[in-house]
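1. Give me coordinates for this.
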Amino acid sequence: MSAPETVLRLRGIRRSFGDREVLHGVDLDLAAHEVVALIGPSGSGKSTLLRAVNLTEPIDDGVILLRDRDISDPRVNADRVRARIGMVFQHYNLFPHLSVLDNVTLASRVVHRVRRADAERRGHELLDSIGLAEFARAFPDRLSGGQQQRVAIVRAIATNPELLLLDEVTSALDPELVGEVLSLVRALAESGTTILMATHEMAFAREVADRVVLLDAGRVVETGPAEEFFTNPREERTRAFLSRVAR
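-> Residues are numbered from 1 along each chain as shown. I've put the predicted structure just below:
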């Protein structure tokens, strides 16, 4: 049985803001259908790394390969690259003046030139799959925070991206709304979606991720299979971090 294709390969990724180096030569691979969770303290570089992959944050050094194509080459068309990647941010970033359905179908219609009827058919199917079909023609302010985040996630997958990036998608939600968003991410993982996610939900990372990566001060401290990572971490810094977040 052949090894799964490598979708994303990061080599020596560095990023500084003034004198502060946020990413210190990060190396990371992500295989097709794999779910990798980035964990670490605030300010460890998780969000910066995700934005770098999505080409919304420039890097100072290193190489980013998407299916073996160097997308960190400054000559690359960043919009075309982003059309192949779905990204969901901490805050929902839905367009308030567009209906829920128009938010979900916008990229399909405008970027991928899908016919409106076809885009809307898929949009309705996605909204139905997350129990929000009745809100298709509503505006985002009619929805709760958890519902808006679920819409943001299905908007990101509506174009069948090669890679889905999730940046702390539950951090802006009230605790009672977190579960409904995590259940959607769990379903996407089970369906084989390739996901790189930054999360502070340790139990969720352990349950859903294939691998977990600890970033601390912009460096990869440890990476390993999720269950092994949480039950038998190798590095003292990993043990210290997990003991703090488990309190």
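2. What average pLDDT does the helix or strand where residue 117 lies get?
-> Assigned by DSSP states H and E, residue 117 falls within helix 116-129. When pLDDT is averaged along helix 116-129, the result is 95.
3. what does stretch 210-226 give?
-> Per-residue scores along stretch 210-226 average to 96.
4. Go through it and flag the buried ones.
-> 211-216, 218-224, 226 (16 or more other C-beta atoms under 10 Å). (Each C-beta comes from the backbone N, C-alpha and C, glycine too.)
5. Report all helices and strands that the helix or strand just after the helix holding residue 117 contacts.
-> Counting by DSSP H and E, the element after helix 116-129 in chain order, helix or strand, is helix 145-157. Where contact means 3 or more C-beta pairs under 8 Å, 6 or more residues apart in numbering; DSSP states H and E, helix 145-157 is packed against strand 85-88, helix 100-110, helix 116-129, strand 163-167, helix 175-190.
6. can you tell me which of these comes nearest to residue 6?
-> strand 163-167 (11.2 Å; C-beta to C-beta).
7. Which helix or strand in the protein has the lowest average pLDDT?
-> Counting by mean pLDDT, DSSP states H and E, the chain has its least confident helix or strand at helix 175-190, which shows a mean of 87.
8. for the helix or strand just after it, packing partners?
-> Scanning forward in sequence from helix 175-190 by DSSP H and E, the next helix or strand is strand 195-198. With contacts defined as 3+ C-beta pairs under 8 Å, 6+ apart, strand 195-198 has these neighbours: strand 35-39, helix 46-53, strand 163-167, helix 175-190.
9. Residue 34 contacts residue 211, doesn't it?
-> Yes: judged on C-beta atoms under 8 Å, residue 34 makes contact with residue 211 at a distance of 6.9 Å.
10. still on that earlier bit, buried residues of the helix holding residue 117, list them for me.
-> 119, 120, 122, 123, 126, 127.
11. Now do the contacts for the second one.
-> Remark: with contacts taken as C-beta atoms under 8 Å, 6 or more residues apart in numbering, residue 120 is in contact with 101, 105.
12. can we see that at 10 Å?
-> For residue 120, the contact set (C-beta atoms under 10 Å, 6 or more residues apart in numbering) comprises 101, 102, 104, 105, 108, 109, 114, 136.
13. Type out the ChimeraX command that picks the buried ones from these.
-> In ChimeraX, this line selects whichever of the contacts of residue 120 come out buried by 16+ other C-beta under 10 Å:
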select :101,102,104,105,108,109,114,136
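14. nearest to residue 184, of the contacts of residue 120?
-> residue 104 (13.5 Å).
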